[in-house]
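*Asks:* My questions are about this predicted structure, shown below with the sequence.
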Amino acid sequence: MSTTFRGYESAVDVMEQRLRHMTACKQLQFPPRPTLPPRPPPNPQPSTMRRTKIFSGTSHPELASQICNRLGVPVAEADLQKFANKETSVKVNCSVRNEDVFIIQSGSQTVNDHLMELLILAQACRGGSAKKVTAVLPYFPYSKQSKMKKHRGCITARMVANLLTIAGVDHIITMDLHASQMQGFFTRPVDNLYAEPSLARWIKDNIPEWREAVVVSKNPGGTKRATSLADTLGINFGIIHTDRRRGRNFNSGFSTRASTFGDDDMDEDEDEEDQQPDEDDSYPPPQKRHNDIVDPDPTPPASLPNQFTHMSLSASHLSSMSFNSTGSPMRQRQIEGVHTGRLVSGHVVDDDYPDNMSEASTTHHFNRDGLDPMTSSMYSIAPSAAGSVLALGGTIDAHGSDDEEENACQEGEERTITLVGDVRNKVAIVVDDMVDRGGSFVAAAEHLRRNCGATKVYVMGTHGVLSDDCLDEMEWCDDIHRVVVTNTYPVSEEKKKSKKLAVIDISMIIAESIRRNHNGESVSFLFGKGVEY
């Protein structure tokens with residue numbers, strides 16, 4: 001007991017000594033601690049983008065940098081070089097094991113080199129045990145070659161899709177494919193983003209009279225794209241159709257420019273012509289149709305040549321009724337909202353411009369298809385004539401209307417250009433998925449302003465390819481007010497100096513798509529509303 005008591009006293013003494021020491025310390029005046037500046041916040045990868053590597057190819061490093069800045073992650077290090085023999089060399093300078101890898105590589109003027117660079121980089125990441133490899137292609141290379149155009153041709157876009165799969169790509173992110181059916185070329189998931197929300201936002205912010213504007217498709221192949229943008233804005237739309245085969249009675253049947261703007265002299269001349277009996281009106285309508293009961297007597301009637309002549313005249317009559325803006329009220333109603341003009345060497349000309357084809361027809365007995373007049377008249381029945389001139393889809397011209405390379409108007413070649421829609425005293429917005437060559441846009445702008453009465457013409461496209469002197473052609477064209485594209489395709493600094501060119505940044509849409517794909521979130525939001533940029 002005594003030992004325990006003595007231990008207790010010693011413990012009490014120690015505590016008393018500590019209390020006296022603490023009291024003495026409180027009485028002392030210690031200088032205050034110096035205030036240190038706050039530490040800069042660390043810059044680690046956000047929690048939403050952990051274990052992610054984003055590589056950039058050499059095709060569009062500016063866009064890749066903008067995407068990484070929006071995601072808050074640095075561009076992963078990789079050496080992309082070429083050997084002396086021009087072979088591509090790729091070396092990944094960071095670990096990608098069990099990482100989610102994104103490779104940003106767009107199309108460019110040197111598409112073959114950059115495509116090979118993408119394939120090698122994807123294979124290198126796959127060989128480095130990457131968890132997932134996603135190819136981000138804002139502009140999909142070889143997207144124009146998405147169908148068989150010739151008997152011994154190649155669907156190159158499908159071949160590129162197969163190459164990406166073989167290289168180890170697990171997912172593809174792209175924007176506004178030239179043909180939406182291209183998604184079926186892939187055996188991997190494809191996110192085809194839309195630039196339409198960004199284009200619609202630019203229209204609302206930069207075109208004061210956008211509520212009265214009209215969205216115009218420069219060919220029947222882009223009708224769906226134009227109607228979609230028009231529905232988003234809640235405005236009207238129109239369609240332009242260029243016909244390679246010009247009608248024989250152009251001057252009497254296709255002239256609508258004078259009547260559109262109320263040319264009194266032209267109206268008086270055509271009124272005098274209307275007073276004369278119309279030979280076409282004297283013919284009765286055809287009695288037989290393809291689904292009528294056929295007379296079992298195979299003996300041809302004696303008036304067979306007259307019937308062929310009658311069918312040929314009916315075809316030309318139909319063309320005249322479809323495009324002649326003067327005459328009876330019935331004809332006026334039939335051509336309401338249809339404006340047709342002449343194109344020579346890719347530019348709109350007046351009706352009194354010399355007609356080379358009419359001169360050729362007086363010296364040759366065969367038409368441009370190599371058929372004699374008798375056989376030609378058999379093929380010029382009313383349904384065929386109407387289909388070749390008025391059809392907005394399903395014809396040969398409509399099938400290849402989006403191939404500007406093949407359908408470029410040659411020097412001295414004459415065509416007809418037709419607008420279905422009303423743009424008089426309104427702003428016309430010509431929309432396409434890419435702005436590659438300027439010829440079709442210049443022709444559309446000239447027709448919209450000179451023949452159809454549009455106040456301004458804007459050219460808009462997702463991919464600003466601007467090949468060769470495309471931008472120069474639009475600069476020289478006084479009928480084009482602005483050219484608007486996005487930065488999915490690299491645009492040189494020299495071209496950005498153009499006063500007519502406006503480039504929309506879509507890096508936020510792609511960055512949000514990358515974030516949602518990495519976190520397993522839905523990307524449907526990007527298809528409907530888009531994101532603020």
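*Replies:* Nice, I can see it.
*Asks:* Tell me the backbone dihedrals of residue 194, please.
*Replies:* phi -120, psi 140 (degrees, to the nearest 10).
*Asks:* ignore the last one, residue 521
*Replies:* Torsion angles, degrees, to the nearest 10, at residue 521: phi -100, psi 160.
*Asks:* got any ranges where the protein has weak pLDDT?
*Replies:* 1-9, 24-37, 39-47, 244-336, 355-412, 528-533 (pLDDT under 70).
*Asks:* can I see the domain layout of it?
*Replies:* Under the assignment automatic domain parsing, the domains of the chain span 47-195, 201-277+304-505.
*Asks:* Let me have the ones you listed in JSON lines, extended by distance to residue 19 and mean neighbour count.
*Replies:* The C-beta positions use only the backbone N, C-alpha and C, and glycine is treated the same way. Shown next, in JSON lines, are the domains of the chain (distance: least, CB to CB, whole Å; neighbours: other CB atoms under 10 Å):
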{"stretch": "domain 47-195", "distance to residue 19": "48", "mean neighbour count": "18"}
{"stretch": "domain 201-277+304-505", "distance to residue 19": "69", "mean neighbour count": "18"}
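*Asks:* Turn those into a markdown table, columns for distance to residue 511.
*Replies:* Converted to a markdown table, the domains of the chain look like this (distance: least, CB to CB, whole Å):
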| stretch | distance to residue 511 |
| --- | --- |
| domain 47-195 | 4 |
| domain 201-277+304-505 | 11 |
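*Asks:* Nearest to residue 520, out of the ones you listed?
*Replies:* domain 47-195 (10.5 Å; CB to CB).
*Asks:* so who does the residue lying closest to residue 178 once chain neighbours are set aside touch?
*Replies:* Spatial nearest neighbour of residue 178, excluding adjacent residues (CB to CB, 6 or more residues apart in numbering): residue 143 at 3.9 Å. Neighbour list for residue 143: 107, 157, 177-179, 182 [criterion: CB atoms under 8 Å, 6 or more residues apart in numbering].
*Asks:* now, among these, which is nearest to residue 450?
*Replies:* Looking across those and measuring by CB to CB, the closest to residue 450 is residue 178, at 29.8 Å.
*Asks:* Helix, strand, or coil at that closest one?
*Replies:* coil (DSSP: H, G, I helix; E, B strand; the rest coil).
*Asks:* Check the spacing between the closest residue to residue 49 other than its chain neighbours and residue 514 real quick.
*Replies:* Spatial nearest neighbour of residue 49, chain neighbours left out: residue 73 (5.2 Å); criterion: CB to CB, 6+ apart. Residue 73 sits 9 Å away from residue 514, going by CB to CB, to the nearest Å.
*Asks:* got any residues that touch both of these two?
*Replies:* Common neighbours of residue 73 and residue 514, counting by CB under 8 Å, 6+ apart, are residue 54.
*Asks:* Please, which helix or strand holds residue 440?
*Replies:* helix 439-446 (DSSP states H and E).
*Asks:* Now do the strands in the stretch 51-200 of the chain.
*Replies:* Here the stretch 51-200 of the chain has its strands, by DSSP state E, counting those that start in this stretch, at 52-56, 78-82, 88-92, 100-104, 132-137, 171-175, 190-193.
*Asks:* Could you dump these into a markdown table and include distance to residue 23?
*Replies:* Shown next, in a markdown table, are those (distance: least, CB to CB, whole Å):
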| stretch | distance to residue 23 |
| --- | --- |
| strand 52-56 | 58 |
| strand 78-82 | 66 |
| strand 88-92 | 66 |
| strand 100-104 | 61 |
| strand 132-137 | 66 |
| strand 171-175 | 70 |
| strand 190-193 | 72 |
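*Asks:* closest to residue 480 out of the ones you listed?
*Replies:* It's strand 171-175; of these, that one is closest to residue 480 (CB to CB) at 24.0 Å.
*Asks:* Which one, of the domains of the chain, ends up nearest to residue 524?
*Replies:* For those, proximity to residue 524 was assessed by CB to CB; domain 47-195 is nearest, at 10.1 Å.
*Asks:* circling back to that earlier point, between the domains of the chain, which one is nearest to residue 527?
*Replies:* domain 47-195 (6.0 Å).
*Asks:* what packs against the helix holding residue 440?
*Replies:* When contacts are defined as 3 or more CB pairs under 8 Å, 6 or more residues apart in numbering; DSSP states H and E, helix 439-446 packs onto strand 236-243, strand 347-349, helix 404-407, strand 427-434, strand 456-463, helix 470-476.
*Asks:* now for the fourth one, which elements pack on it?
*Replies:* Which is strand 427-434. Checked by 3+ CB pairs under 8 Å, 6+ apart, strand 427-434 has strand 214-217, helix 223-233, helix 439-446, strand 456-463 packed alongside it.
*Asks:* quick one, which of these is nearest to residue 112?
*Replies:* Closest approach to residue 112 among the helices and strands packed on strand 427-434 is made by strand 456-463 (17.8 Å; CB to CB).
*Asks:* that older thread, output the helices and strands packed on strand 427-434 as JSON lines; include the columns distance to residue 55.
*Replies:* Shown next, in JSON lines, are the helices and strands packed on strand 427-434 (distance: least, CB to CB, whole Å):
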{"stretch": "strand 214-217", "distance to residue 55": "37"}
{"stretch": "helix 223-233", "distance to residue 55": "31"}
{"stretch": "helix 439-446", "distance to residue 55": "35"}
{"stretch": "strand 456-463", "distance to residue 55": "22"}
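*Asks:* right, and those - which one's nearest residue 206?
*Replies:* Using CB to CB, these put strand 456-463 closest to residue 206, at 8.9 Å.
*Asks:* What helices and strands are in contact with the closest one?
*Replies:* Against strand 456-463 (3+ CB pairs under 8 Å, 6+ apart) you get helix 196-206, strand 427-434, helix 439-446, strand 482-486.
*Asks:* okay, now residue 18: neighbour count?
*Replies:* When neighbours are defined as other CB atoms under 10 Å, residue 18 has 10 of them.
*Asks:* before we move on, what about the one 5 residues further on?
*Replies:* Other residues near residue 23 number 9, with proximity taken as other CB under 10 Å.
*Asks:* isn't there a helix covering it?
*Replies:* Yes - assigned with three-state DSSP, residue 23 falls within a helix.
*Asks:* gap between it and residue 448?
*Replies:* 94 Å.
*Asks:* and what of residue 432?
*Replies:* On the measure of CB to CB, residue 432 and residue 448 end up 14 Å apart.
*Asks:* Next, give phi and psi for the residue nearest to residue 178.
*Replies:* Dihedral angles (degrees, to the nearest 10) for residue 143: phi -70, psi -20.
*Asks:* and what of the one 3 residues further on?
*Replies:* Dihedral pair for residue 146: phi -110, psi 10, per degrees, to the nearest 10.
*Asks:* Just to check, it is in contact with residue 155?
*Replies:* Yes - assessed by CB atoms under 8 Å, residue 146 is found in contact with residue 155 at 6.6 Å.
*Asks:* Quickly list what's touching both of these two.
*Replies:* Common neighbours of residue 146 and residue 155, counting by CB under 8 Å, 6+ apart, are residue 185.
*Asks:* End to end on stretch 200-214, go ahead and measure it.
*Replies:* Start-to-end span of stretch 200-214 (CA to CA, to the nearest Å) is 13 Å.
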